[in-house]
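1. Task: produce atomic coordinates for the following.
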Amino acid sequence: MGLKLSSDNTSVSAAKLALLGGWDKKIQIQARKVFQQAAEDILLEVELPDLSVFRCRDGEMWSRYVPQAGLPCRYTQGGKTLDEEELGAQGITEFATRAVAHLSKDCGAKWGIWLQVTFLIFPLCDEGMRSLSEDTADPAWPGIKLTEGQIPVLPTAGVDKAIMGGKKWGCPITPVLAPGAPWEAAPGPLGAKEVAGACGLLLNRGCIPEALSSIDNLQKRWESLLASPGKVQGRLAEKLWPTAGQDPPEQPTAKKGTGERLYKVGLGKS
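-> Residues are numbered from 1 along each chain as shown. A predicted model of the protein is given here:
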């Protein structure tokens, strides 16, 4: 979690989530879930060796659209990898992906703190998604679920027992500070309250995405949303970072759209 400091290093001016490392789960889905004309036995295999391709803007817990070229992938049929000509004959074009994160409903004293991350796939290229509608910038814009999982943020009360689902704690959130001026020029160090407040404010802006199971369901949902611009609505995460009793920093400022709505809803809840 990157925190950009003010020009005097005494406050946080922006916060950003950065996903690092690789996703070790094998991802394989039917191509027909994304492209209607594809044969039933065509499989899409996607690898996520470097999650940093899912870049989030300041103050957001969701990434921009990632083009197909940004991820290792292949289509197979009967064990054979299909070439571009064969893919075109099956109506398979470029896709885009996106990552959306929020605090997991499993967060608590018993299990520790976890981020739920959902990876969505879309039957259009990244440029096509952006040009489809302004609403596609909203983290609640529906897509097809590619995969999902949890990232452990903090250990449980007993570090030796920090295990959930067979996974040990291993991907903590660590604030990385980007000073706005040389440290020696600052009047004093940044207070822990400001760091905690900025991290908590960002974590409270997570949105539960609308993850559908097939292209048929997705098309019907898109048609409904495109007919009523501005009506896309997401669900706030079930668990929010405790902010009661704290004075959240004015920054990072919320942007227009769903992010602003989630920012306002999340304040003061725990």
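2. any idea what the spatially closest residue to residue 92 that is not a sequence neighbour is structurally, helix, strand or coil?
-> Computed as C-beta to C-beta, 6 or more residues apart in numbering, the closest residue to residue 92 that is not its neighbour in sequence is residue 35, at 4.8 Å. For glycine as for every other residue, the C-beta is placed from the backbone atoms N, C-alpha and C. Residue 35 carries the three-state label coil when classified by DSSP: H, G, I helix; E, B strand; the rest coil.
3. And the strands in the stretch 101-250 of the chain?
-> 113-122, 143-154, 163-164, 167-168, 176-178, 207-208, 211-212, 235-236 (DSSP state E, counting those that start in this stretch).
4. Those strands: which one's closest to residue 223?
-> strand 211-212 (12.9 Å; C-beta to C-beta).
5. partners of that closest one, with directions?
-> strand 143-154 (parallel) (DSSP bridges).
6. What mean pLDDT does the strand it pairs with get?
-> On average, the pLDDT along strand 143-154 is 87.
7. How about stretch 97-106?
-> On average, stretch 97-106 scores 90.
8. Grab the CA positions of it and hand them over as PDB.
-> Only the C-alpha atoms of stretch 97-106 are listed here, as PDB (Å, rounded to 0.1, in the frame of the first residue of the first chain):
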ATOM      1  CA  THR A  97      -9.400  -8.600 -17.300                       C
ATOM      2  CA  ARG A  98      -9.700  -6.700 -14.100                       C
ATOM      3  CA  ALA A  99      -9.000  -7.300 -10.400                       C
ATOM      4  CA  VAL A 100     -11.400  -6.000  -7.700                       C
ATOM      5  CA  ALA A 101     -10.500  -6.200  -4.000                       C
ATOM      6  CA  HIS A 102     -12.300  -5.700  -0.700                       C
ATOM      7  CA  LEU A 103     -12.000  -6.800   2.900                       C
ATOM      8  CA  SER A 104     -13.100 -10.400   3.300                       C
ATOM      9  CA  LYS A 105     -16.200 -11.300   5.300                       C
ATOM     10  CA  ASP A 106     -13.900 -13.800   7.100                       C
END
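9. May I see the buried residues of it?
-> Across stretch 97-106, burial judged by 16 or more other C-beta atoms under 10 Å covers 97-104, 106.
10. quick one: which of those residues is nearest to residue 61?
-> The shortest gap between residue 61 and any of the buried residues of stretch 97-106 belongs to residue 101, at 4.7 Å (C-beta to C-beta).
11. For the closest one, give its distance to residue 24.
-> From residue 101 across to residue 24, the span is 17 Å (C-beta to C-beta, to the nearest Å).
12. Next: residue 179.
-> Counting by C-beta to C-beta, the gap from residue 179 to residue 24 is 34 Å.
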